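>>> Have a look at this prediction, sequence included:
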Amino acid sequence: MRILNIAAILVIVTATGVRAETFPVITDQTVLSECGDCHMAFPPETLPKALWQKIIRNLSDHFGEDASIDDATVAVILDYHVKNASDVSQTRAAKVKWRTTRPVTRILDAPRFIDKHRGCDAAFKNPQVKSPSNCLACHPDMQRTGSTKENLSFLPASVRRQCGD
Ligand code: HEC
Ligand code: HEC
């Protein structure tokens, strides 16, 4: 009996250990086309409702770009992001991983992002990555399947190791 229990625990630990954090897949076509044009459509579970409202209501002044769209489309996109925000959604990604009481201005300064990417500064500057916001450079499946499984094989070994791979 005891041996069986230990075996069961080992199976659980191994199974959760190999599974990278997974975001719910974005299926809303408006969000995918309007917010996935210049960068991937970021998972709405990463940021709180009030911040999504601020970002999506100010698209004419968007991180140095004019990303303006018409009001009807803004309403659809805002609704999707608010419903799935880190302080609203009950998914594991939002509730357990990204919800925070600390002030956040973008994904890059969210505590979970900082915590998971210590040592990645050199990797972020690599010409094939260019920006820490370029999630898909290192997490190639994130948009398609929601998986954060990383692939850093394109980086020099020393840079890769520092970045926790
Ligand atoms: C015209 C191009 C363009 C479009 C369209 C666009 N963005 Fe952006 N967005 C940018 C740029 C440029 C950045 C800054 C990226 C960087 O720092 O590398 C950015 C950054 C962001 C960030 C910050 C991510 C981080 O690194 O912390 C969020 C959140 C964001 N965009 C959300 C959206 C949403 C939501 C939409 C759809 C309504 C959208 N974007 C559409 C150009 C765009
Ligand atoms: C330079 C490559 C690189 C970029 C760019 C990058 N990441 Fe990561 N990320 C990693 C590596 C490597 C890990 C694994 C770190 C570890 O296991 O300690 C990781 C881990 C994560 C994790 C935790 C996964 C888990 O199962 O614990 C999340 C979530 C994540 N990244 C989200 C993002 C998001 C969102 C973006 C874009 C805004 C991003 N990453 C950009 C390399 C990158």
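Here it is on my side, so go on. Ligands and ions are numbered 1, 2, ... in the order given.

>>> Now do the contacts for the spatially most central residue of the chain.
Residue closest to the average C-alpha location in the chain (CA atoms, centre = their mean): Pro43, at 5.1 Å. Listed by CB atoms under 8 Å, 6 or more residues apart in numbering, the contact partners of Pro43 are 23-24, 26, 84, 93, 142, 146. No exception for glycine: its C-beta is placed from N, CA and C like everyone else's.

>>> out of the residues you listed, what pair is the most spread apart?
By the measure CB to CB, Asn84 and Met142 form the most distant pair in the contacts of Pro43, at 15.1 Å.

>>> follow-up on the earlier one: mind giving me the ChimeraX command for buried ones among the contacts of Pro43?
This is how ChimeraX selects the buried members of those, with burial counted by 16 or more other CB atoms under 10 Å:
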select :23,26,84,93,142,146
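
>>> Same list (the contacts of Pro43) but as JSON lines, adding distance to Leu152 and secondary structure.
JSON lines is the format used below for those (distance: CB to CB, whole Å; DSSP: H, G, I helix; E, B strand; the rest coil):
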{"residue": "Phe23", "distance to Leu152": "19", "secondary structure": "coil"}
{"residue": "Pro24", "distance to Leu152": "24", "secondary structure": "coil"}
{"residue": "Ile26", "distance to Leu152": "24", "secondary structure": "coil"}
{"residue": "Asn84", "distance to Leu152": "28", "secondary structure": "coil"}
{"residue": "Ala93", "distance to Leu152": "22", "secondary structure": "helix"}
{"residue": "Met142", "distance to Leu152": "14", "secondary structure": "helix"}
{"residue": "Gly146", "distance to Leu152": "19", "secondary structure": "coil"}
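
>>> Looking at the contacts of Pro43, which is nearest ligand 1?
Nearest to ligand 1 among those: Ile26, at 10.5 Å, using CB to the nearest ligand atom.

>>> confidence score at Ala20?
Reading off the confidence values, Ala20 has pLDDT 79.
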